[in-house]
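Enquirer: okay, structure incoming, though there's no sequence with it:
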């Protein structure tokens, strides 16, 4: 298990697919056309795959001194749009009782993250054309020109080229978005991550509430499921089953698995992969279990349970 160590959340993974995503994200974070850390990037992936976590990962590795500012494009309100993006002066309109700094200026020196860009209103696309081209803007009610400098990260779960064809996204706006794309694979394509994510979510719940467990047959059901909602859905399913597990055992009998697969063989293969990783971590850390647990991104108690589960010899 690996832990991406993102400031506002963790990226837990074991698959080569996510390893490649994060390696690419780190290179992009530090790259730049004019100076290190200024290269923009598009994140593409299904809902729930962790695009916001990867955006934070990119920001944390960019070396930029500012913060990451998120704009949820699906939640933008037309009547507050200009004020939200550009800010306003006190008294510039009814109800503006104080000066407000807009999202674009707030991201100065840091990263501007436009999440769910497919859902951005047309009027917002028009307003952002010049700022995304590097031109200045003004707060509502002000004549002061503001020229923030930020790294742009954009996320979408839909094909933006099709959105242009369907007149959902303006062509001129589309061509101001980043052309370098990182695709985050869905959870069904990285089965190795399912086990470590389950163990991570369960460990967090157990740490706060007491010990409960997932039996082998339930783990097999979780592996067989296709997870259309990806990591977000997995976390909710674990949380719901945990709440209902009055006898201390999490069950997932209601999961509908659309494909028949040799889950037991696949689960056995993933167990062997995890056991190999634990043995390697113990060896590299001279069988110091606390250091091995830290290198694996799991707690000491979780490592002890895995050692007992697999019957690993401690030299």
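Expert: Yep, that arrived. Values in this document were obtained by computation on a predicted structure and should not be read as measured data.
Enquirer: residue 73 and residue 169, how far apart?
Expert: Applying C-beta to C-beta, to the nearest Å, one obtains 11 Å for the distance of residue 73 from residue 169. Backbone N, C-alpha and C define where each C-beta goes, glycine included.
Enquirer: who's more crowded, the two?
Expert: Neighbour count, other C-beta atoms under 10 Å: between residue 73 and residue 169, residue 169 has more, with 22 against 19.
Enquirer: wait, that one touches residue 118, no?
Expert: Yes: here residue 169 reaches residue 118: they are 7.2 Å apart, a contact under C-beta atoms under 8 Å.
Enquirer: need the overlap of contacts for those two.
Expert: Overlap between the contact sets of residue 169 and residue 118, as judged by C-beta atoms under 8 Å, 6 or more residues apart in numbering, is given by 160, 163.
Enquirer: count the residues that sit near the closest residue to residue 92 other than its chain neighbours.
Expert: Excluding the flanking residues, the one nearest residue 92 by C-beta to C-beta, 6 or more residues apart in numbering is residue 141, at 2.5 Å. Under the neighbour criterion other C-beta under 10 Å, residue 141 is assigned a count of 15.
Enquirer: common neighbours of residue 73 and residue 169, please.
Expert: 117-118, 120.
Enquirer: now, which of those sits nearest residue 222?
Expert: Nearest to residue 222 out of the shared contacts of residue 73 and residue 169 is residue 118 (C-beta to C-beta; 29.8 Å).
Enquirer: please name the residues that touch the closest one.
Expert: 73, 156-158, 160, 163, 168-169 are the contacts of residue 118 under C-beta under 8 Å, 6+ apart.
Enquirer: got it, and residue 130?
Expert: By C-beta under 8 Å, 6+ apart, the contact set of residue 130 is residue 137.
Enquirer: pLDDT at the residue nearest to residue 92, what is it?
Expert: In this prediction, residue 141 carries a pLDDT score of 84.
Enquirer: one more: residue 28?
Expert: pLDDT, the model's per-residue confidence, is 95 for residue 28.
Enquirer: just after the lowest-mean-pLDDT helix or strand in the chain, pick out the following helix or strand.
Expert: Of all helical and strand segments in the chain, the minimum by mean pLDDT, DSSP states H and E falls on strand 2-3, at a mean of 62. Where DSSP states H and E defines the elements, the next helix or strand beyond strand 2-3 is strand 12-13.
Enquirer: that next one pairs with which strands?
Expert: When pairing is defined by DSSP bridges, strand 12-13 lines up against strand 2-3 (antiparallel).
Enquirer: what comes up buried for the longest helix along the chain?
Expert: Looking across the chain with DSSP state H, the single longest helix is helix 263-284. Of the residues in helix 263-284, those buried under the neighbour-count criterion (16 or more other C-beta atoms under 10 Å) are 263, 267, 270-271, 274-275, 277-278, 281-282.
Enquirer: now swap in stretch 77-87 and tell me
Expert: When burial is assessed from 16+ other C-beta under 10 Å, stretch 77-87 yields the following buried residues: 82-87.
Enquirer: what's the end-to-end length of that stretch?
Expert: Here the two ends of stretch 77-87 are set 14 Å apart, with distance taken as C-alpha to C-alpha, to the nearest Å.
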